[in-house]
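Undergrad: could you look at this predicted model? Sequence included:
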Amino acid sequence: MELWFMEKYSEGWGISLKIKKGICSVESKYQKIDIFETLDFGKLLVINGAIMLTEKDEFAYHEMLVHTPLFSHPNPKNILVIGGGDGGAVRELCRHKCVEKIDLVEIDEEVIDLCRRHFPSIAYAFEDKRVNILIEDGIEYMKNCNEKKYDIIIVDSTDPIGPAVGLFQREFYENCYKALKDDGIINVQSGSPYFQEELLEKVFHSMGEVFPITRTYLAGTPTYGGMWSFTTGSKLYDPLKGPMRKDKSVLSDLKYYNEKIHIGAFQLPNYLSRRLELDL
Ligand code: AG3
């Protein structure tokens, strides 16, 4: 008998991975978490039926989520990650020697514990001394956050379902704006450019109402259906202009991000430029 996991994006379209065995299935306080061993994508993390990552292709998403905003800033020191309980975003942040402190605000401790146990190649950076883990609701955290505290905020969330809904709303971006320094940058995952176009449009416009510079870019992510979108809000620096720093010690270790990809990723296909009302 063959066993396949499928995430359905619509009635007629889904992404499937062949499963070698189930590793664990947990009902946490907030969500259902499943981990499987797949035939050729390594281990797979699923939350509420949505693919969060596989060991084989998580590098593309995490590198693009983190290094694009980090290299768009001349000296990022104080970083906040909302979500990201698997540790992938933190691992990429820790490569930057200029980063002094990383606060990770994750609502579900169970995700962190399971990833520490089953995804050591992703979660190992939780042990870095610069990382401070807070088990809290990211939306509440932002409401009460000190002003002008962070250089960069990274939002590594699930889809806008359940407790994550508020992470895609204007009020949340306003709180992030306040918590960022005068030259701060926020970067969020903004959904599938094929299956969540409406979400992407909403994120782009709500962010645009709050930040003077708003940009969307794409990266190739096979297990999220081909491509994924990220949206950056910036107070001063324009990420579209390319990296502001060269840091060989970071760049030489990466598998996806490079200076040319940084620039190329912001070039959007026509249908998306039209949808976001950008010049073609
Ligand atoms: N980021 C997951 C992106 C959302 C995926 N959505 C989906 N498959 N429907 C969080 C996990 C990576 N750190």
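TA: Received, thanks.

Undergrad: so who does residue 102 touch?
TA: With contact taken as Cβ atoms under 8 Å, 6 or more residues apart in numbering, residue 102 is in contact with 79, 80, 81, 90, 93, 94, 128, 130, 131, 132. The C-beta positions use only the backbone N, C-alpha and C, and glycine is treated the same way.

Undergrad: buried residues of the helix or strand harbouring it, list them for me.
TA: Using DSSP states H and E, residue 102 sits within strand 101-106. For strand 101-106, a neighbour-count test (16 or more other Cβ atoms under 10 Å) marks 102, 103, 104, 105, 106 as buried.

Undergrad: just the strands in the stretch 151-280 of the chain please.
TA: Remark: strands assigned in the stretch 151-280 of the chain by DSSP state E, counting those that start in this stretch are 180-191, 213-221, 226-234.

Undergrad: the second one vs the ligand: in contact?
TA: Translated: strand 213-221. No. Strand 213-221 stays clear of the ligand (Cβ under 6 Å from any ligand atom), getting no nearer than 8.5 Å.

Undergrad: parallel or antiparallel, which strands does that strand pair with?
TA: Each strand paired with strand 213-221, and its direction, by DSSP bridges: strand 226-234 (antiparallel).

Undergrad: tell me how far residue 280 lies from residue 270.
TA: 6 Å (Cβ to Cβ, to the nearest Å).

Undergrad: domain-wise, how is this protein divided?
TA: Here the chain is described, according to automatic domain parsing, as comprising the domains 3-54, 58-275.

Undergrad: what does the stretch 51-200 of the chain have sitting close to the ligand?
TA: Counting by Cβ under 6 Å from any ligand atom, the residues of the stretch 51-200 of the chain lying close to the ligand are 51, 52, 53, 84, 86, 88, 156, 158, 159, 189.

Undergrad: residue 59 is nearest to which of the strands of the stretch 151-280 of the chain?
TA: Closest to residue 59 of the strands of the stretch 151-280 of the chain is strand 213-221 (Cβ to Cβ; 9.9 Å).

Undergrad: list the buried ones in that closest one?
TA: Under the neighbour-count criterion of 16+ other Cβ under 10 Å, strand 213-221 has 213, 214, 215, 216, 217, 218, 219, 221 buried.

Undergrad: do the same with stretch 153-167
TA: Buried, per 16+ other Cβ under 10 Å, within stretch 153-167: 153, 154, 155, 156, 157, 158, 159, 160, 163, 164, 166, 167.
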